[in-house]
Structures are given as structure tokens and as C-alpha cells.
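Undergrad: Dropping a prediction and its sequence here:
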Amino acid sequence: MLELRGVSHRYGNVLAVDQVSLTVASGEFFTLLGPSGCGKTTLLRLIAGFEQPSEGRILLDGKDLAGVPPERRPVHTVFQSYALFPHLTVAENIAFPLRMARLPAARSKERVREQLAAVRLEGLAERYPAALSGGQRQRVALARALANRPRILLLDEPLAALDLKLREQLQLELIRLQRSLGITFIYVTHDQGEALALSHRVGVMCGGRLVQVDRPAELYARPRNRFVANFIGRCNLLEARVSGRVNGHLVLGIPGLPPVSVPAEGNLEVGELGVLALRPEHIRLQPARAGEQELSGLIQGHLFLGATSLYQVELVNGMRLDVQVAGGHGEVVLEPGTPVRLSWPLQAGRFLRE
Amino acid sequence: MARSSLALLALGGILYAFLYAPLLVVVAYSFNASRLNAQWVGFTLDWYRSLFDDAELLAAAANSLLVATGCSLLATVLGTLAALALWRRRWPLLSALALGPIAVPEVLLGGSLLLAFVLLEVTLGLLSITLAHAVFAIGFVMVAVQARLTAVDPALVEAARDLGASPWQAFRRVVLPLILPGVLAGALMAFTLSLDDFVVSFFTAGAEASTLPLKLYAMLKTGVTPKVNAVSTLLLLLTISLIILAHRLTPEILRHDRGDTR
């Protein structure tokens, strides 16, 4: 179990990591998600031991890691650039951590063979990194970092340099490896799709802070604030103000629109400012049924996305909403200027504080 | 087209003749049976044979090799350390300062080193020559190593540490193999520079010690004999071999370091 308690890190005057507290369970696939410069890579470097926290403590199985150099931490890293040793063959690269740990030669050889098999690179043992493709290098980096069975594997945007097809294939391999070895993975990415697909839990970071930690489904369904809602998936955000409570629901006032109700959550006061968050796929271009919410507007544009279509709708007050509809065969495309009514189940809307 | 390339070839020929003709004359006369450098009489190896009967000359040659070896070792270690220290740091001034002794006129360098040795009460002799040679050789080694280091991804050091290597092991197992061609080229350069040096040696040798170039100069005072030509030829041969060796080390010994060293 890895525990971060109030960890902060400063580079000069810049606060790169700000009071992060987090517990990652053994065998968990945990992802740190955030835009570039949010502090996620710095957090990884703190765990690896390349940087020391300015404040706070990092504990592994209850043992404080303060002052423990990187080579004495049971934590290995897959670097974004892979950092394969160019003067060593694939097999020698994978054997490097085993050699440093003084594993007997026979066992080291056996382990290298296992690792090559695990990442399906059996035939390439004697190649040099320069003679490998990007995907192959990535696999060697993974095999090398896992060779000495660390307690925790850190992965710093390991798939960022690869093309989409390869990325998806390697995502599946990562999941398979992680589940079969039971090693804790801490994965850093700015790609929300990757985070949702791979992880048991995701921690969203922004400006050095850990904004929300949740399972992927929870994160998608119940983003805690505007940043998370906007970062995870596509989301409509309309400036709103809490104007009252009716039947246990919150009533939101949006200038120029009829009142809209959302489920009441937390201790929100009347008069509070925030946004109404609505996922495009939860909105239908149909009049409201019983218990649903409704607004009206004009079609502005249409984007064909393959399995679905995206309409942009302008509401009567000038605000715009994206609406995602399943794009079946023979569907009539609504022309710009067509008046439409938009509806969604009350439960689909959420009020998020600023 | 053909005419201009012919002209270029001729010009190149003249240039090389200008560079090497005097040396070729020295080499040729070292095999001349005549005692005078005036006319060709016949082929002989007598001058070379006589070198090995000259105890003073042999002692000077031994001194030169000793000094060059010492200078090379010292400059290689310090120059490599300097290159490593300046790696990834933006301290252009320190880099420039390490190269300073190369830019300073040798007469000035020799004179100031002599003063320094006298002030520090270092006995003038082989040790002082070795130290003095290292002063200007360090910069050459540093540049040779720096050229290799720019191609080394600093993340490799972190990767090594991450995988269980101590700072020393990370250097020994990862950085050193990658910069080794630069280190060896630098070492050979330092050796060659020391072997050839006259001016700095002249100032820092003191009364007793003599290196081959110093001895040659002493011999020249009594006239250019074929024996001098023979010594010069041997020195030339050694220097050129070392330069060729250093040059061959500088291109990639390791062919496998493209792509990953970003």
C-alpha cells in the first residue's frame, strides 16, 4: 500500500504539487489524469525518488520513503522516452535491474526469457534498441521495468508516442500484464479515454492539486466540479444559480431560460453560483415525458461522427448546447434553423459549484 | 564542369604539397647516405642505427613517453569529469574557462606556468612538464567528451538509478560505455599534444629533464644532421598513427545509439 500524506513540491517559487493526500492499494491500477503542467509527472518523480517532497510524507507499506534513493525503492518506472540503454541488447536491457540486484546468472537468464515471452518479443533478444519499432521499444521498457518484480510500477505517458491502433492494442496488453502480475501500477496520462479504459481508480489533477479520486464510472457520472466535468468526456456547462428547493430537488435559475431542476446533492445554499452540467448523450431532441426537464432552441449545426451524430443547438437566451444522438440508417438530418425541443431525465443534470 | 573540377584538383594538390613537401624532404634525407642535406648519395639506415647508440637521445625519448602517458591519464580523468560536471548545466563561462589555456599563446602559458611552479616550489622536471601539458590537454579532452555527451539522453541515468544502479554504477554501466569513444579520442589527443609540445616543455623542464622535442632542438643548434631527420621521421610516424587512431575512434564505435538518445 502506498500512502501520500499532504505531499507538496516546489520548484523554486512554483508549487508543482500542492497538498496531495492519496492511498493506493496493493495490486491497484491507479491513474493520475490531468492536463500538461498539472503536476502529475512531478508526483510520479516524488514516488520514484528523483525528487524529495518539500512537505508531507510518502509511505510504502507504512515505511517512510524520505531520503531513500531511487535505487533502493522497490519502485520502477517506464519512462515516456522509454530510456532504453542504446549500447545494450534487448536481453541485456531487461537483465539490467536483475544484474543490479545481483540475481544469479541462471535465474536472471530464465527471468529475461519469461519477460520476453510476457511482452511477445521472444525473437528480438539480441537486437539493439535502435533496430526496434516504437511499439517494440515500449514493450522492452515495460519488460525491463517489471523484470525485477517491483512493488509499484510507475508509467509516465508510456503510450503517448504511439499511433492510435497500437495504443489500443498495448492498452489491452497493459491490463492483462497488470492483472496477471498483481503489481500496483501508477499510470500518468493526459488522455481521459485511456484513464477510464485502464484504471481501477482515477485521480484527476489540476494546478498541482488532486481534484477528485474515483472509479472511472463514478468520475464520469458524478464529476465533482466544473474542471472534472469538462476534462472527462464531453459536457455542456451552463452558468446557473441555485434559486430554490422543490420536492427535494434543486431549482436552478439561468438568465433568459425557464427554471430547470436537478437532483439535490450536498449542502448547497440558495443563491450559490455554479454551472448546470449536462452530458450531450443524455439529451434527446424530443418533447419532455413525465418527470423530464425541457428547453427549446434552434439547430445550429450537425457533425456526423459515425456511430453517433452531434447537433449544436442554440437556446433562446443565446447559450449553446451539444446534443449527441444515435445515428441510425435513414435518419433525417435536421437542417440549421429547425426549431427543436430538448429533454433529459431530471437525474441526468447536475449542479456543480464553481 | 570538367575543367573547373580539374582546377580544383590541381589546387588541392598544391595545397597538400605545401603542407607535406617539407616533411617529405626530412623523411627522404633521413635515408640519405650523405652527411650533408645537399645532395642524394644513396640509401642507408645508418642514421636510424646510430639513434639507438645515443643514450641521451634514448633517455629523452623515454621521458617524452613517460610525460605523454602521465599527461594523457591526468587530462583524461579531469577533462572527462569537467565534461560530466558541465553536462546539462548552462554555464558557458565555465566551459570557456576550461578551454582558455588552448587560446592563450603558448609562450605566455609556458612563462606563467614556470612562474607558478617556482612560486609553489615545485621542482622543475618531469612532474612539472607533465602538469603543464595537462593544463592545455584538459580542454581538448573535455571537448571530445562533450561531443559524445550531447548525444546521451539524461533520462538514461535516471532509468539506471530507477532500476537499482547506484550513482557510480549508473556512470560505469551506462554513461561511460556511451562516451568511451570520446574519452579514448581525448586521451590520444592529450598524448599526442604532449609528445609534440616544445614551447611549454621548454619553459617548465628545468635544467635536468629533457624531452624528445627539447633534445631535437638542442641537436639542431649544431646543424641539421641526418640523425635529426631520422628522429623527426620516427616522431612523425608515431604522431600520425596516433592521430589516425583518435580519428577512427571519434566516429561511432557504437552503431546502436541512434533513435533512443533523444
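TA: Yep, it's here.
Undergrad: and A:Ala229, how far is that from A:Met205?
TA: 15 Å (CB to CB, to the nearest Å). C-beta coordinates here come from the backbone N, C-alpha and C atoms, glycine included.
Undergrad: swap that for A:Phe231, please
TA: Applying CB to CB to A:Phe231 and A:Met205 gives a distance of 10 Å.
Undergrad: what's the answer for A:Gln171, then?
TA: 21 Å.
Undergrad: the helices in the chain, which residues?
TA: The chain I'm using is chain A. In chain A, the segments counted as helices under DSSP state H are A:40-48, A:90-100, A:105-118, A:134-147, A:164-181, A:192-198, A:216-221, A:226-231.
Undergrad: that's the wrong chain, I meant chain B
TA: B:2-29, B:46-51, B:55-86, B:92-103, B:106-119, B:126-149, B:155-162, B:167-170, B:176-196, B:199-204, B:212-221, B:226-249.
Undergrad: helices or strands up against the third one?
TA: It refers to helix B:55-86. helix B:92-103, helix B:126-149, helix B:176-196, helix B:212-221 (3 or more CB pairs under 8 Å, 6 or more residues apart in numbering or on different chains; DSSP states H and E).
Undergrad: relative orientation of the shortest one and helix B:226-249 in degrees?
TA: Helix B:212-221 runs at 150 degrees relative to helix B:226-249, counting by axes from the mean of the first three to the mean of the last three CA atoms, to 10 degrees.
Undergrad: Mind checking the pLDDT average for helix B:212-221?
TA: In this model, helix B:212-221 has an average pLDDT of 89.
Undergrad: With the third one instead?
TA: Per-residue pLDDT over helix B:176-196 has a mean of 92.
Undergrad: shared neighbours of A:Phe231 and A:Met205, anything?
TA: Residues touching both A:Phe231 and A:Met205 by CB atoms under 8 Å, 6 or more residues apart in numbering or on different chains: A:Leu33, A:Gly34.
Undergrad: ok, back up a step: comparing A:Gln171 and A:Met205, which residue is more hemmed in?
TA: The neighbour count for A:Gln171 versus A:Met205, taken as other CB atoms under 10 Å in any protein chain shown, is higher for A:Met205 (28 against 15).
Undergrad: got the contact list for that one?
TA: A:Leu32, A:Leu33, A:Gly34, A:Cys38, A:Gly39, A:Lys40, A:Leu43, A:Val211.
Undergrad: any idea how far it is from B:His133?
TA: 56 Å.
Undergrad: And for B:Ala33?
TA: Distance from B:Ala33 to B:His133, by CB to CB: 37 Å.
Undergrad: The two: which is more packed in?
TA: Taking neighbours as other CB under 10 Å, B:Ala33 and B:His133 compare with B:His133 leading, 28 against 13.
Undergrad: Could you tell me which strand of chain A is the longest one?
TA: The longest strand of chain A (DSSP state E) is strand A:292-304.
Undergrad: Figure out how far it is from the centre of its chain.
TA: 29 Å (CA atoms, centre = their mean, to the nearest Å).
Undergrad: Over to stretch A:59-71?
TA: That offset, for stretch A:59-71, works out to 26 Å (CA atoms, centre = their mean).
Undergrad: From B:Gly206, how far off is the closest residue to B:Phe140 other than its chain neighbours?
TA: Computed as CB to CB, 6 or more residues apart in numbering or on different chains, the closest residue to B:Phe140 that is not its neighbour in sequence is B:Met189, at 4.8 Å. Computed as CB to CB, the B:Met189 to B:Gly206 distance reads 26 Å.
Undergrad: likewise A:Asp18?
TA: 66 Å.
Undergrad: go on, B:Ser5?
TA: 55 Å.
Undergrad: who has more neighbours, the two?
TA: Comparing B:Ser5 with B:Gly206 by other CB under 10 Å, the one with more neighbours is B:Gly206, at 16 against 9.
Undergrad: sorry, back to before: using a markdown table, please lay out the helices of chain A together with distance to chain B.
TA: Below are the helices of chain A laid out as a markdown table (distance: least, CB to the nearest CB, whole Å):
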| stretch | distance to chain B |
| --- | --- |
| helix A:40-48 | 6 |
| helix A:90-100 | 3 |
| helix A:105-118 | 13 |
| helix A:134-147 | 7 |
| helix A:164-181 | 17 |
| helix A:192-198 | 21 |
| helix A:216-221 | 28 |
| helix A:226-231 | 28 |
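Undergrad: Dump those to a markdown table, plus mean pLDDT and distance to B:Gly125.
TA: Listed next are the helices of chain A as a markdown table, based on pLDDT from 0 to 100; distance: least, CB to CB, whole Å:
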| stretch | mean pLDDT | distance to B:Gly125 |
| --- | --- | --- |
| helix A:40-48 | 95 | 53 |
| helix A:90-100 | 96 | 46 |
| helix A:105-118 | 94 | 50 |
| helix A:134-147 | 94 | 53 |
| helix A:164-181 | 91 | 65 |
| helix A:192-198 | 92 | 69 |
| helix A:216-221 | 92 | 77 |
| helix A:226-231 | 90 | 73 |
